[in-house]
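Chemist: Sequence first, then the predicted structure:
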Amino acid sequence: MSDTNSSLVLPTPPTPPPTPTPPPVPVPPPTPPPVSPPPAPSGISHVGGSPQAANDPFPPVKKRKLPILLFVIIGLVVILGIALVSGPLTQFVPRLGGITLTYWGLWEPESIIRPILDEFEQSHSGIKVNYVMQSPQEYRERLQAALDKNAGPDLFRIHNTWTAMMTNYLAPVPPTAISSSDYEKTFYPIALKDFKVGGNYAAIPLGYDGIAMYINDDLLQKSRLSVPQNWVELTDAALAMSQCASPDGSCKDGSKIVVSGVALGSTNVDHWQDILAVIMLQNNVNLDNPASPNPAPAEDVIEFFKSFVRTFHVWDPNLPSSTEYFASGKVGIYFAPSWRVFDIQAINPNLRFSIYPLPQLPVDPSRGEKPITYSSYWGEAVSNKSQFQKEAWELLKYLSSAEVMQKTFQLATSPQRAFGEPYSRVDLAESLKDNKYLDVYLKQAPLAASWYLASFTHDGQTGINTKMSEVFAKAITGTATITSLAPEINKVLSEYGIFTPQVQPQ
């Protein structure tokens, strides 16, 4: 991370099968060969030129030609077969019957995306799109397994933190879809960082999301405090909104929590990974090597995070998940992406809450410091094994246009769903400025950072997000220090070819 902010001030206590030998066929005439060779004729007397004269004085020569001709025919057919499988004809053959793109998606059901795809098919004759909405469970592992078997989709969705894991599968975005300069003007800066591979981009984001602060309106009003702007103010608000089963209702003695002022401090806090990462970034921690040159900034953040359980006693690892508890009206402040609105409204449609920007550490604009927020979103990529990369990118060019993005958003919005995916295009942010759920996320987007400590990416047990979460959880739930965890962090990063400095022995 390039920005430098002030230090955190804590509040006090993968051999293809052999090609089958096709039946003998005649040597093709001088005209181009048909795509499917016609059946072999019963005789071969005319193969290779004009018919043999009846008084030919050399019949033995004719007999000796038979095996040679068969060999030539078989060889030509094999060559033709190979060309059909791997040569330029691959692109030609399917076009005779049209092209079908297989598109693996997440989140959006067929009912929403199909009208958009139908319009694309109508304007792109000969192209059909087979959209398959995937389950998020173990999605990344299933996707890579399918791609490894050459049975994967032509295009698919990846998380913004997966580029390093998926690099060997990704086709570069061609200028025919969007030029690099247009890409950089269209999407938020974080997408330029997350999806850059070498000198090319490898995915197109169709939406944006991140982490913001949810506040229970009634509890905030009761506390008579303003919306926290920084982490010290958040601590004050959390203490004021908390209520415990103690004689005076305070939580300082560790009494049973009745109302939690803030969901922070343990791993039953949904999205704890994103929260921890963004505070570390705000506190000048190099997450690629958090123990160097000085582990103190990272250690300070760990202790601050845990203090809401161990010092202030306003959260408990034995409580329900933070999403569930907030939806029940028993949490004052909660951190989550925009899609958690749907979960909360499903649990408690009557809950009054508002969404605000993330608290910040103090910044010094004169030193070029800026607030830092955190992103967690998805992009559409094309398989570098796809026969139809050109057509797949044409589809993504269509889907990422402002007009189609807005139409998709409208189709997704209903009385049962408050909004569609927040826009990834900078030029569409203004259209959502009055959206009480999404305006904050899009205002935070230009300031967003990202790293591999990210929640709910469904990357499976072998994924970088899961592995990194397991490492940092040791510090949250136990006594592991950042210094002791640094070699594990480096090991996870090195598995995916991500450069990180070597940890120096202490």
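Modeler: It's in.
Chemist: In contact with the closest residue to N384 other than its chain neighbours, which residues?
Modeler: Nearest residue to N384 in three dimensions, chain neighbours excluded: A171, at 4.2 Å (CB to CB, 6 or more residues apart in numbering). In this view, the C-beta of every residue, glycine as well, is placed from N, C-alpha and C. Going by CB atoms under 8 Å, 6 or more residues apart in numbering, A171 touches 202, 381-384, 386, 389, 392-393.
Chemist: ok, now with 6 Å
Modeler: Contacts for A171 (CB atoms under 6 Å, 6 or more residues apart in numbering) come out as 382, 384, 389.
Chemist: where's the last one relative to L101, distance?
Modeler: In this structure, Q389 lies at 10 Å from L101, with CB to CB, to the nearest Å as the measure.
Chemist: And the strands in the stretch 201-350 of the chain?
Modeler: For the stretch 201-350 of the chain, the strands defined by DSSP state E, counting those that start in this stretch cover 204-205, 212-216, 243-244, 257-262, 331-336.
Chemist: now swap in the chain and tell me
Modeler: For the chain, strands defined by DSSP state E occupy the ranges 99-105, 127-133, 155-159, 196-197, 200-201, 204-205, 212-216, 243-244, 257-262, 331-336, 353-356, 373-374, 378-382, 448-449.
Chemist: So for Q416, which of the ones you listed sits nearest?
Modeler: Evaluated over the strands of the chain, closeness to Q416 peaks at strand 127-133, with 17.0 Å, by CB to CB.
Chemist: Now do G420 against I476, distance only.
Modeler: 34 Å.
Chemist: in the stretch 251-400 of the chain, what spans have low per-residue confidence?
Modeler: By pLDDT under 70, the stretch 251-400 of the chain has no low-scoring segment.
Chemist: how far away is N284 from E369?
Modeler: Separation of N284 from E369 (CB to CB) stands at 10 Å.
Chemist: Same question for K185.
Modeler: In terms of CB to CB, K185 sits 25 Å off from E369.
Chemist: Which residue ranges of the stretch 201-350 of the chain form helices?
Modeler: 217-223, 231-241, 272-282, 296-310, 322-327, 340-347 (DSSP state H, counting those that start in this stretch).
Chemist: for the fourth one, which positions count as buried?
Modeler: Neighbour-count burial for helix 296-310 flags 297-302, 304-309 (criterion: 16 or more other CB atoms under 10 Å).
Chemist: Out of these, which comes closest to P337?
Modeler: For the buried residues of helix 296-310, the closest approach to P337 (CB to CB) belongs to F305, at 18.7 Å.
Chemist: Contacts only, for that closest one.
Modeler: Taking CB under 6 Å, 6+ apart as the test, what F305 contacts is L276.
Chemist: Let me know the closest of the buried residues of helix 296-310 to T483.
Modeler: Ranked by distance to T483 (CB to CB), the buried residues of helix 296-310 are led by E299 at 8.1 Å.
Chemist: what's the most buried one of the strands of the stretch 201-350 of the chain?
Modeler: strand 331-336 (a mean of 28; mean count of other CB atoms under 10 Å).
Chemist: now the angle from that strand to strand 257-262?
Modeler: 50 degrees (axes from the mean of the first three to the mean of the last three CA atoms, to 10 degrees).
Chemist: If I take strand 331-336 and helix 272-282, what angle do their directions form?
Modeler: Strand 331-336 and helix 272-282 are oriented at 80 degrees to each other (the same axes, to 10 degrees).
Chemist: So which elements touch strand 331-336?
Modeler: Judged by 3 or more CB pairs under 6 Å, 6 or more residues apart in numbering; DSSP states H and E, strand 331-336 is in contact with strand 212-216, strand 257-262, helix 322-327.
Chemist: want to throw those into TSV with distance to L361?
Modeler: Shown next, in TSV, are the helices and strands packed on strand 331-336 (distance: least, CB to CB, whole Å):
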stretch	distance to L361
strand 212-216	15
strand 257-262	17
helix 322-327	22
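Chemist: I489 is nearest to which of these?
Modeler: Checking the helices and strands packed on strand 331-336 against I489 by CB to CB gives helix 322-327 as the closest, at 24.9 Å.
Chemist: And the contacts of the closest one?
Modeler: So helix 322-327 is in contact with 263, 269-270, 319, 331, 334, 340, 343-344, 347-348, going by CB under 6 Å, 6+ apart.
Chemist: Can you pick out the most distant pair from the residues you listed?
Modeler: Using CB to CB, the contacts of helix 322-327 span at most 18.7 Å, a distance reached by V269 and N348.
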